[in-house]
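In: here are the coordinates; sequence isn't available:
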């Protein structure tokens with residue numbers, strides 16, 4: 001289309017021909033441009049400089065008019081698609097939006113858990129300021145020593161508030177997560193950093209991450225997800241083993257068929273040679 005643009009351009013207005021009319025010399029121009037030239041007493045062709053009289057006949061170039069109208073419609077449609085496509089292009093993909101929303105929800109949940117723990121701690125101090133200065137009542141751990149300054153790590157704070165198995169190491173007085181959270185976190189980091197992109201490992205890692213997100217979002221269903229991930233991992237291993245066995249059996253069948261075919265060909269050749277020798281004798 002761009003190659004025919006100079007042929008469809010009026011040399012007077014430098015636009016696409018609008019109602020093109022042809023001079024006796026064969027050159028075509030827009031009808032308003034021709035009227036404008038005649039209004040200024042210009043009776044020569046702008047391209048070949050051939051002069052005409054005032055009453056020279058100009059005829060409408062129908063074929064060139066149809067081509068110019070088709071090109072104009074195609075150009076408008078192309079520009080409309082370009083503008084629409086540019087305006088409908090999203091600035092953020094759906095995956096990025098979901099990650100942002102999950103991050104915001106996790107941060108809000110962490111902040112709410114911190115506030116609840118701090119309020120419980122302050123309330124317990126007001127009720128028992130002398131006897132139990134650092135005791136906090138919790139429906140999951142009724143007699144757990146708690147101080148907000150000890151739980152600067154968000155993961156430990158979430159494990160303390162959500163899980164029952166949160167414990168304090170008595171040897172070096174440092175906080176440790178429960179066994180389930182520790183296994184989830186260690187498995188996720190180990191699978192991602194140490195292993196390649198193997199399908200069962202990838203599924204195991206994704207399910208472990210999903211269980212961790214469910215735990216952060218205060219959904220106590222991570223045990224079910226842990227069981228489901230283990231079951232899915234075993235199913236993947238079984239499917240992989242079955243597929244490898246089927247491929248091995250198929251290879252054995254192909255080799256056996258090829259061997260039997262060769263034996264039959266050899267037997268047929270020997271029988272044919274024996275029959276031929278019997279006829280000759």
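Out: Structure's in. What do you need? Just so we're clear, the structure is a prediction, and the values are computed from it rather than from any experiment. Numbering: from 1, shown residues only.
In: Correct me if wrong: residue 24 contacts residue 44.
Out: No - between residue 24 and residue 44 there is no contact under C-beta atoms under 8 Å: 11.9 Å. (C-beta placed from N, C-alpha, C; glycine too.)
In: Name the residues contacting each of the two.
Out: Common contact partners of residue 24 and residue 44 (C-beta atoms under 8 Å, 6 or more residues apart in numbering): residue 52.
In: remind me which residues of the protein are low pLDDT?
Out: For the chain, the stretches flagged by pLDDT under 70 are 1-6, 40-42, 53-56, 79-225, 280-281.
In: State which helix of the chain is the longest.
Out: Ranked by number of residues, the top helix in the chain under DSSP state H is helix 222-280.
In: helices or strands up against that helix?
Out: On a contact count with 3 or more C-beta pairs under 8 Å, 6 or more residues apart in numbering; DSSP states H and E, helix 222-280 meets helix 179-194, helix 199-216.
In: Which strand residues bridge residue 28?
Out: residue 22 (DSSP bridges).
In: I'd guessed it sits against residue 18; true?
Out: No - counting by C-beta under 8 Å, residue 28 stays clear of residue 18, with 11.0 Å between them.
In: higher neighbour count, the two?
Out: For residue 28 versus residue 18, the count of surrounding residues by other C-beta atoms under 10 Å is larger for residue 28: 25 against 16.
In: Can you name the residues that contact the more buried one?
Out: Residues in contact with residue 28 (C-beta under 8 Å, 6+ apart) are 17, 20-22, 61, 64.
In: Tell me the one among those residues nearest to residue 229.
Out: Among the contacts of residue 28, residue 17 lies closest to residue 229 (C-beta to C-beta), at 69.4 Å.
In: nearest residue to that closest one other than its sequence neighbours?
Out: Counting by C-beta to C-beta, 6 or more residues apart in numbering, residue 68 is the residue found nearest to residue 17 once chain neighbours are left out, at 4.4 Å.
In: ditto for residue 11
Out: Residue 11's closest residue in space is residue 46 (C-beta to C-beta, 6+ apart), at 5.1 Å.
In: Just the buried residues of stretch 230-240, please?
Out: By neighbour count on 16 or more other C-beta atoms under 10 Å, the buried set for stretch 230-240 is 232, 236.
In: which ones are touching residue 64?
Out: Residue 64 sits next to 8, 17, 20, 22, 28 when contact means C-beta under 8 Å, 6+ apart.
In: Which secondary structure state does it sit in?
Out: The local conformation at residue 64, judged by DSSP: H, G, I helix; E, B strand; the rest coil, is helix.
In: distance of residue 262 from residue 268?
Out: As judged by C-beta to C-beta, to the nearest Å, residue 262 and residue 268 stand 11 Å apart.
In: So the protein: which segments form each domain?
Out: Per automatic domain parsing, the structural domains of the chain span 2-88, 94-177.
In: before we move on, back to that, from residue 58, how far off is the residue nearest to residue 17?
Out: Counting by C-beta to C-beta, the gap from residue 68 to residue 58 is 16 Å.
In: Right, I'll call it a day here.
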